[in-house]
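Student: please find the sequence and the predicted model below.
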Amino acid sequence: MYQYDQYDQSIVDARVEEFRDQVKRRLDGHMTEDQFKPLRLMNGLYLQLHAYMLRVAVPYGTLSSRQMRMLGHVARKYDRGYGHFTTRQNLQFNWIKLEDAPDILAELATVEMHAIQTSGNCIRNISSDQFAGAAADEVTDPRPWAELLRQWSTFHPEFTYLPRKFKIAVIAAPEDRAAMRLHDIGIELLKKDGVLGAKIFVGGGMGRTPMIAHEIRDFVTADELLSYLEACLRVYNRYGRRDNIYKARIKILLHELGPDEYRRQVEEEFTHVKTLGIDPPVAELERISAFFAPPEFETGLSEDVDRSDPDFAVWLDQNVKAHKQPGYAIVNISLKPVGGIPGDASADQIDVMAELGERYSFDELRVTHAQNIVLPHVRKADLYAVWQKLTDTGLAEANLDLISDIIACPGLDYCSLANARSIPLAQKIAERFRDLDRQRDLGELKLKISGCINACGHHHAGHIGILGVDKKGKENYQLSLGGSGAEDVSLAKITGPGFDEDGVVDAIERVTDRFVQVREPGERFLDTYRRVGFETFKEAIYG
Amino acid sequence: MDNLLRFRDDEAHDEPAITLDSFLDGQTNAGAVRLEAGDDARALLPSLGQLALVEVSFPTFRDGRGFSAARILREAGYQGELRAAGDVLVDQIPHMRRCGFDSFAPQAPVDAETLKRSLDRYPTPYQRAADPAVPVWKLRHG
Amino acid sequence: MKLLTGNDLVTGDVTWWTGEGWSRHVEDACDVGDRGEGLAKAEEGARRVNVPYVIDAVETPEGPRPAHIKDRIRALGPTVRPDLTLKPADPEAGSWVI
């Protein structure tokens, strides 16, 4: 994976000192909260319900064991012994003191980590495919491109006060594991006539007005990519709406201009921008790519795995995915134990995952947008040992992509924007469907919960989505069906009137019962939904 | 203009800046123009040679349109004074310098020590912009 | 009744105006009547609190109870982590929120 050189390190170190200076000025009274807020947000520091929250960037979801251990260390020393992995492949600490934040950043900088641009109206952490470098279906490893974009977008002088936040995802496989089409800019790497380049989608997003990104350009080569993106961003920075925060995302600009007019404006700007010499030479992408060369895989390894332990066999079938290298597998560690908090991991669990990454996965771990952890390169011969260690640590839940593998935002238990709690509802649903045989019979079923309209829990992209709202001071939950964040992207449709917490759990069960009645062999819930239609399920819910 | 900060050696241009509309409506001999945040900086491109001062308005520090306006003018070769005026905060000035601003009229005074620390802080930027700073990739590859 | 609440500038802790100063415990909060806005301005200016605001609450035998669930969760802590609330020894504390 990528390693900082002196330049990268000096930039991150300077950022620590800058933030130390900013915090001091705030504490000394030289800045009001109104002035300080955008500065702290651009370093991922929020004021939430109970304390400050620090969001640490995990660029494109990749981290080393050393970095993972540092997260555990910060959790222990500065927080309350745990962290929360997010849908942008980042990690949040919930109980941070403002006075400690500069020291935390200084500690993170020692392992090449930071909180730069994890919030604010700027280009956020670049997200990517958690199976990058391991997936059999990828055209190339997307992470060198994501790192190129990370560097370009870091402290970009023109695009730090955009109309609204800006999220970019990069994938390089036909299977979309990063919800690419639901980003402000989605980039799909592909080959055209033997040349690697990028297909650009613009204007996707969730929030209160969910939209699927439009294809704006079918191909940009590496040597012009940054110019093209600058053109995309410049048109947005100049013409994106600033009169209404709810209409300020680029998706609204695309909607109002129409994709053809937006494309025309971008092309015009691109013609100009590409003459300015802002694109690094291809040698820079090559330099970065060298860090992502495949690890030294052993050859001639056995493909056999002893399945005699039935619990292990279930985990193997559910959580372990095919690797491109013979003899290896991709291990998914579920952070969704029944009764747990989706995405949370204790400092001890973080340490164990770090140790497993170091020992069994070439010192690499990944964070997924579904709030799980991946060990990308595990020898099949080591799978049983890994599973045993995970079992001892409470991390062996065999529910990947099943109904209890729920994406949930922190909701009203932590978040100052939330209208309803997400976590207790996720726990009730997982409890209702706790029988793993039943879950596996239902098959892939992506359930996603957001505690407010901002949709951090990706409910629009849920096969089953739930949105928490405030109904006259009471928590209320709207159910929606048929969304997908994958390559078959679609937006979920609201079923009808909302429910209280228990009511929505019952409604979900009516949906899954109907699914079991009407499905055809081999169909996932989403397939059946698309075949039989919305009304069948609506009728099941409301009678 | 008590708070005026300039990073130029020439004398400050004291002609009052006129609006873009007035400029385009015929006051074409003016040497100073003020761009509001929503104005199209490209409308000035045919007349850059006669301009000694372009003032770009920041109605709130959150409104970042002026960052693009500055770059557009510099990319087109504008050499005159480029002034950021309005709700300009000390922590924004390094970015504004990179976008081509060389003069600042913040509505609240800026602490000189803090500004100096900010401007000196980052040794090398990651990306090319409208200032002479050499981006990291150029240092890496020559 | 009206309460004045905010977060401590340095630690981020939830705090409540007691009439003399700030407490982490909502039980200590006093009715600020119509003086909330003025107090908020003065206390924020003195950096003894961050982003203060006035909320509605009702008086109960156990002390003031914020009218809105968000402020009840602020007063207690996350309902999904009783061990991290202000009442870790009381397993029923979460029911106060609902």
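Tutor: Nice, thanks for sending it over.
Student: which of the three states applies to residue A:68?
Tutor: helix (DSSP: H, G, I helix; E, B strand; the rest coil).
Student: and the one 4 residues further on, by the same measure?
Tutor: Reduced to three states with three-state DSSP, the structure at residue A:72 is helix.
Student: got a list of what it touches?
Tutor: A:83, A:347-348, A:350-351, A:354 (CB atoms under 8 Å, 6 or more residues apart in numbering or on different chains). (C-beta placed from N, C-alpha, C; glycine too.)
Student: check residue A:14 too.
Tutor: B:121-123.
Student: min pLDDT across these, which one?
Tutor: On pLDDT alone, residue B:123 ranks lowest of the contacts of residue A:14, at 88.
Student: could you look up the SS state of that one?
Tutor: coil.
Student: residues in chain C within reach of chain B, list them.
Tutor: Contact residues, chain C versus chain B (CB under 8 Å from any CB of the partner chain): none.
Student: got the residues of chain C near chain A?
Tutor: Near chain A, when you scan chain C using CB under 8 Å from any CB, you find C:7, C:9-14, C:44, C:47, C:50-51, C:67-70, C:73-74, C:77-81, C:84.
Student: please check those residues and keep the buried ones.
Tutor: C:7, C:9-14, C:44, C:50, C:67, C:69-70, C:73-74, C:77-81, C:84 (16 or more other CB atoms under 10 Å in any protein chain shown).
Student: return the subset of those residues lying in strands.
Tutor: Taking DSSP state E, the ones among those that sit in strands are C:7, C:14, C:50.
Student: list the beta-bridge partners for the last one.
Tutor: When bridges are assigned using DSSP bridges, the partners listed for residue C:50 are residue C:7.
Student: thought it was touching residue C:5?
Tutor: No - using CB atoms under 8 Å, residue C:50 is not in contact with residue C:5, being 10.9 Å away.
Student: quick one: buried ones out of the contacts of residue A:14?
Tutor: Of these, these count as buried by 16+ other CB under 10 Å: residue B:122.
Student: could you pull out the helices for the stretch 51-200 of chain A?
Tutor: A:65-78, A:101-109, A:143-153 (DSSP state H, counting those that start in this stretch).
Student: again, but for chain B
Tutor: B:20-24, B:65-75, B:93-99, B:112-121, B:136-141 (DSSP state H).
Student: check the offset of the third one from the chain's centre.
Tutor: Okay, so that is helix B:93-99. 8 Å (CA atoms, centre = their mean, to the nearest Å).
Student: now the shortest one
Tutor: A distance of 19 Å separates the C-alpha centroid of helix B:20-24 from that of its chain, computed with CA atoms, centre = their mean.
Student: and that helix, which residues are buried?
Tutor: Applying 16+ other CB under 10 Å to helix B:20-24 flags B:20, B:23 as buried.
Student: same thing with the fourth one?
Tutor: Within helix B:112-121, the residues that qualify as buried by neighbour count (16+ other CB under 10 Å) are B:114-115, B:118.
Student: shaky segments in chain B?
Tutor: Within chain B, the stretches with pLDDT under 70 are B:1-2, B:27.
Student: which residue would be the closest one in it to chain C?
Tutor: residue B:108 (16.5 Å; CB to the nearest CB).
Student: contact residues of the stretch 201-350 of chain A facing chain B?
Tutor: A:226, A:234, A:237-238, A:242, A:272, A:276-278, A:280-281, A:283-284, A:287.
Student: out of the residues you listed, which are buried?
Tutor: Judged by 16+ other CB under 10 Å, buried ones among these: A:226, A:234, A:237-238, A:242, A:272, A:278, A:280, A:284, A:287.
Student: point out where chain C drops to low pLDDT.
Tutor: If you take pLDDT under 70 as the line, chain C has no such spans.
Student: contacting residues around the residue nearest the centre of chain B?
Tutor: For chain B, the residue nearest the mean C-alpha position is residue B:101 (2.5 Å; CA atoms, centre = their mean). Going by CB under 8 Å, 6+ apart, residue B:101 touches B:56, B:70, B:82-84, B:93.
Student: need those residues in TSV with neighbour count, can you?
Tutor: Formatted as TSV, the contacts of residue B:101 follow (neighbours: other CB atoms under 10 Å in any protein chain shown):
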residue	neighbour count
B:56	29
B:70	30
B:82	27
B:83	28
B:84	27
B:93	21
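Student: enumerate the positions of stretch B:128-142 that are buried.
Tutor: Neighbour count says stretch B:128-142 has B:128-131, B:133, B:135-137 buried, by 16+ other CB under 10 Å.
Student: mind saving the C-alpha coords of it as PDB?
Tutor: What follows is stretch B:128-142, C-alpha atoms only, in PDB (Å, rounded to 0.1, in the frame of the first residue of the first chain):
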ATOM      1  CA  ARG B 128      -0.700  23.300  -9.500                       C
ATOM      2  CA  ALA B 129      -2.700  26.500  -9.100                       C
ATOM      3  CA  ALA B 130      -2.400  30.100 -10.100                       C
ATOM      4  CA  ASP B 131       0.700  30.900  -8.000                       C
ATOM      5  CA  PRO B 132       4.300  30.100  -8.800                       C
ATOM      6  CA  ALA B 133       4.500  27.200  -6.100                       C
ATOM      7  CA  VAL B 134       5.900  24.000  -7.600                       C
ATOM      8  CA  PRO B 135       3.600  21.100  -6.900                       C
ATOM      9  CA  VAL B 136       4.900  18.000  -5.200                       C
ATOM     10  CA  TRP B 137       4.600  15.800  -8.300                       C
ATOM     11  CA  LYS B 138       6.900  18.200 -10.200                       C
ATOM     12  CA  LEU B 139       9.500  18.000  -7.400                       C
ATOM     13  CA  ARG B 140       9.200  14.200  -7.500                       C
ATOM     14  CA  HIS B 141       9.600  13.900 -11.300                       C
ATOM     15  CA  GLY B 142      11.400  17.100 -12.300                       C
END
